[in-house]
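Engineer: Build me a model from this:
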Amino acid sequence: MLFNLRNFFSVSILSKSSKHLVRHFWYTTGNWWKLSLISRDDRKTIVENNCRYGQPALMNVHLKGRDLLTLQNYTADELKYLLWMASDLKQRIKHNGEYLPLMQGKSLAMIFEKRSTRTRLSTETGFALLGGHPCFLTTQDIHLGTNESLTDTARVLSSMTNAILARVYKHADLDLMTKEATIPIINGLSDSHHPLQILADYLTLQEHYGGLKGLTVTWIGDGNNVLNSIMMSAAKLGMHLRIATPKGFEPDCRMTKKAEQYSKEYGTKLLLTRDPLEAASGANVLATDTWISMGQEEEKKERLKAFQGYQITMQTAKYAASNWTFLHCLPRKPEEVDDEIFYSPQSLVFQEAENRKWTIMAVMVSLLTDYSPQLQKPTF
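Structural biologist: From the prediction side, this is the model:
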């Protein structure tokens, strides 16, 4: 097709700012050569869409169509992008009162083998707020693992929905879903990882401290799925990690080896100890989780005995940095952290809970659409 000078010069009809948006869109998407071939009305539509939904992000990150099973599979830039997306959506929807129907016409299958408060509510309300239709499915609602294999379920849901968020007992089930499904799979929690929780934690810390790089995060408690997700991501964002666990409840050795590798690669510090006070020394963030996860109820007596001395109290906080804060993914038991810490001004647990919504929305928008953050990229 011949170069169309008439269409090219008709760009001058648009305002100066509009021309910038059109040029920015077409150059950043690799379609600059088509600028002269589009009609005036089409250019106007491009401008309106970018004004409404945000200009393309100035990061070379493309997550559409990806799965999210573990933060190990995401680079530093990709993690920063998800946090940027969450901040953008929170600002535009909550604070600016904008309506962004980015999920309009889309549906989400929510498979829950485990009960949930924050994961279910954040996903259902978040997806609906974006104009989509979430479908909540428990083992009582579908044939999962009973009269129908996981393979068949993944294939059926792929033909009817746009993504699957699954909260399961075995991480291996998620791995199988990704092999059989043709749509993105999102880990709502498994025995190995809880990526959505940690994204919410990081957004909370980003909002509170104004940045993540250089923070020291201390984990006091069980070497569980939540800790695994921190270990697979903290160093990528420039955070130091100090871990205290009782003997026999250390994190998986494979996770430890990988965390050591990340620490070396990103120039951060990693400490593993059995002494909670040693771990708390100089910490900006004190974090813990339940000592008894779902499915471990029979181990309650043994676990309570093993975790004696691991409760986070003001005595623990005395060893932390002066600007310390506290995180807990909830639900919380008093033996894990006392009321004085949990309900203190330094406790960010309820802001952390709310941010589950904005981070899962960021994940869904990133994996299912071409929308890019409009707000200025925050400092990490």
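Engineer: Phe136 looks like it's in a strand, true?
Structural biologist: Yes - assessed with DSSP: H, G, I helix; E, B strand; the rest coil, Phe136 lies in a strand.
Engineer: what residues are up against the closest residue to it other than its chain neighbours?
Structural biologist: Spatial nearest neighbour of Phe136, chain neighbours left out: Met110 (4.9 Å); criterion: CB to CB, 6 or more residues apart in numbering. Every residue, glycine included, has its C-beta placed from N, CA and C. Counting by CB atoms under 8 Å, 6 or more residues apart in numbering, Met110 touches 120, 123-124, 134-137, 164-167, 188.
Engineer: any idea how far Met110 is from Asn147?
Structural biologist: 20 Å (CB to CB, to the nearest Å).
Engineer: Repeat that for Lys269.
Structural biologist: Between Lys269 and Asn147 the computed distance is 51 Å (CB to CB).
Engineer: Only alpha carbons, please: show stretch 254-270 as PDB.
Structural biologist: Only the C-alpha atoms of stretch 254-270 are listed here, as PDB (Å, rounded to 0.1, in the frame of the first residue of the first chain):
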ATOM      1  CA  ARG A 254      14.900 -26.000  47.800                       C
ATOM      2  CA  MET A 255      13.300 -22.700  48.700                       C
ATOM      3  CA  THR A 256      16.200 -21.800  50.900                       C
ATOM      4  CA  LYS A 257      18.800 -22.600  48.200                       C
ATOM      5  CA  LYS A 258      16.800 -20.500  45.700                       C
ATOM      6  CA  ALA A 259      16.500 -17.600  48.200                       C
ATOM      7  CA  GLU A 260      20.200 -17.700  48.800                       C
ATOM      8  CA  GLN A 261      20.800 -17.500  45.000                       C
ATOM      9  CA  TYR A 262      18.500 -14.500  44.700                       C
ATOM     10  CA  SER A 263      20.100 -12.800  47.700                       C
ATOM     11  CA  LYS A 264      23.500 -13.100  46.100                       C
ATOM     12  CA  GLU A 265      22.200 -12.000  42.700                       C
ATOM     13  CA  TYR A 266      20.400  -8.900  43.900                       C
ATOM     14  CA  GLY A 267      22.800  -7.900  46.600                       C
ATOM     15  CA  THR A 268      20.600  -8.400  49.600                       C
ATOM     16  CA  LYS A 269      21.000 -10.200  53.000                       C
ATOM     17  CA  LEU A 270      19.400 -13.400  54.100                       C
END
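Engineer: Name the residues of it that are buried.
Structural biologist: 255-256, 258-259, 262-263, 268, 270 (16 or more other CB atoms under 10 Å).
Engineer: next one: stretch 212-219
Structural biologist: Applying 16+ other CB under 10 Å to stretch 212-219 flags 212, 215-219 as buried.
Engineer: just those now: which is nearest Ile341?
Structural biologist: Thr218 (12.9 Å; CB to CB).
Engineer: So for whichever strand or helix holds that closest one, mean pLDDT?
Structural biologist: Under the criterion of DSSP states H and E, Thr218 resides in strand 216-220. Computed over strand 216-220, the mean pLDDT rounds to 98.
Engineer: Could you do stretch 83-94 as well?
Structural biologist: 98.
Engineer: what's the first-to-last distance across it?
Structural biologist: 16 Å (CA to CA, to the nearest Å).
Engineer: And it, how far out from the chain middle?
Structural biologist: 13 Å (CA atoms, centre = their mean, to the nearest Å).
Engineer: where exactly do the strands run in this structure?
Structural biologist: In the chain, the strands defined using DSSP state E lie at 107-112, 133-138, 163-167, 185-189, 216-220, 240-244, 270-273, 285-288, 325-328.
Engineer: worst average pLDDT in those strands?
Structural biologist: strand 133-138 (a mean of 93).
Engineer: Neighbouring strands - and their directions - for that one?
Structural biologist: strand 107-112 (parallel) (DSSP bridges).
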